[in-house]
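Undergrad: No sequence on hand, only this structure:
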């Protein structure tokens with residue numbers, strides 16, 4: 001029985017030694033876990049800071065887009081007004097040129113008309129002598 005007890009004691013001592021090793025490793029794990037928790041809290045803090053910066057950036061971008069949109073609207077309004085003015089001026093110039101062209105065409109038509117009348121009169125004088133107005137003949 002004593003030998004058995006000694007064997008059990010030896011085994012118990014081995015178990016105690018192993019338990020001590022497990023306790024030591026557990027303490028190390030707890031220490032590392034505490035370090036991880038501390039670093040995690042730091043990460044959470046930094047994430048919170050980044051979230052704040054992202055929110056701030058989003059708000060800043062939103063306000064900048066509104067400002068740019070307003071500037072573009074003002075610019076487009078000015079551009080639209082300038083284009084309308086240029087189109088009106090072009091229309092007025094086109095109308096003026098057309099009127100001048102119409103007047104010149106009318107003058108030229110009058111000259112051609114007078115020339116034709118003169119030629120017709122000359123042809124009539126050459127055929128019958130001096131031109132005498134003719135009466136139209138009626139068919140009976």
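TA: Thanks, I have it. No experiment lies behind these values; they were computed from the predicted model shown. Numbers count the residues shown, from 1 in each chain.

Undergrad: contacts and neighbour counts: CA atoms only from here.
TA: Fine.

Undergrad: can you pull out the helices in this structure?
TA: Applying DSSP state H to the chain gives helices spanning 2-128.

Undergrad: show me where pLDDT drops low in it?
TA: 128-140 (pLDDT under 70).

Undergrad: Please compute how far stretch 22-29 lies from its chain's middle.
TA: Taking Cα atoms, centre = their mean, to the nearest Å, one finds the center of stretch 22-29 at 63 Å from the center of the full chain.

Undergrad: Show residues contacting it.
TA: The contact list for stretch 22-29, computed with Cα atoms under 8 Å, 6 or more residues apart in numbering, is empty.

Undergrad: what about residue 115, how many neighbours?
TA: 12 (other Cα atoms under 10 Å).

Undergrad: correction: residue 1
TA: Residue 1 has 6 neighbouring residues, counting by other Cα under 10 Å.

Undergrad: cool, residue 83 as well?
TA: Using other Cα under 10 Å: residue 83 sits among 12 other residues.

Undergrad: mind checking how far it is from residue 76?
TA: According to Cα to Cα, to the nearest Å, residue 83 and residue 76 sit 10 Å apart.

Undergrad: Same check on residue 14?
TA: According to Cα to Cα, residue 14 stands 89 Å off from residue 76.

Undergrad: And for residue 85?
TA: 14 Å.

Undergrad: With residue 59 instead?
TA: Here residue 59 is placed at a distance of 25 Å from residue 76 (Cα to Cα).

Undergrad: repeat for residue 30
TA: 67 Å.

Undergrad: swap in residue 17?
TA: Using Cα to Cα, one obtains 85 Å as the distance from residue 17 to residue 76.

Undergrad: go on, residue 24?
TA: From residue 24 to residue 76 the distance is 76 Å (Cα to Cα).

Undergrad: what does residue 124 give?
TA: For residue 124, the distance to residue 76 equals 70 Å [Cα to Cα].

Undergrad: With residue 40 instead?
TA: Residue 40 is 52 Å from residue 76, by Cα to Cα.

Undergrad: Equivalent analysis for residue 120, please.
TA: As judged by Cα to Cα, residue 120 and residue 76 stand 64 Å apart.
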